[in-house]
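Undergrad: mind looking at a prediction? Sequence and model below.
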Amino acid sequence: MEMIIDFPGGARVDAHFADYTVKTDQPPMGGGEGSAPTPFAVFLSSLGTCAGIYVLGFCRQRGISTDGIRIIQRMYSNPMTGLVGKFELEIQVPPEFPEKYRPALIRSADQCAVKKHFEHPPEFEITTKEVAMA
């Protein structure tokens, strides 16, 4: 998969892939307009939304309504590094959600590909390449 990252103006930085564009910006105090989430917020939201895809799939396979189900994601920073040191995902279910499926619902969210990448981070290589502008 390839993404094209460009700079549409101000502090905005966008990612383009397939038929999609993910827009990001910085808050006014960071030199932006606050017109979109920061890249880091988009990154963090990918964990909860990925877990949500697995929860959704679990419920659909069993014919369980997702009405009243939501995931609360909490992040805790390590005071020494300022980096996120812990994530919590709390799957909130309505009272009528079958008790027997709660452990399996947790296991389904645990299959999230974003979470797995956190657990087994990839290698990074950053280079530059000079290209002539058309």
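TA: Sure, I can see it.

Undergrad: hey, let's count contacts and neighbours off CA atoms from now on
TA: Fine.

Undergrad: buried by neighbour count: which residues of the least confident helix or strand in the chain by mean pLDDT qualify?
TA: Using mean pLDDT, DSSP states H and E, the weakest-scoring helix or strand in the chain turns out to be helix 113-119, at a mean of 93. Judged by neighbour count using 16 or more other Cα atoms under 10 Å, the buried positions of helix 113-119 are 114-115.

Undergrad: that one - contacts with which helices or strands?
TA: For helix 113-119, the contact count by 3 or more Cα pairs under 8 Å, 6 or more residues apart in numbering; DSSP states H and E identifies helix 39-62 as packing neighbours.

Undergrad: so after the helix it packs on, what's the next helix or strand?
TA: Next helix or strand after helix 39-62 toward the C-terminus (DSSP states H and E): strand 70-77.

Undergrad: so what are the sheet partners of that next one and their directions?
TA: According to DSSP bridges, strand 70-77 forms sheet pairs with strand 84-92 (antiparallel).

Undergrad: what does the partner strand contact?
TA: Strand 84-92 is contacted by residues 48, 68-78, 106 when judged by Cα atoms under 8 Å, 6 or more residues apart in numbering.

Undergrad: find the centremost residue of this protein, please.
TA: Centroid-nearest residue in the chain, with Cα atoms, centre = their mean: Ser46, separated by 0.8 Å.

Undergrad: show me what contacts the closest residue to it other than its chain neighbours?
TA: Among residues not flanking Ser46 along the chain, Val114 sits closest, at 6.9 Å (Cα to Cα, 6 or more residues apart in numbering). Contacts for Val114 (Cα under 8 Å, 6+ apart) come out as 46-47, 50.

Undergrad: appreciated, that's everything.
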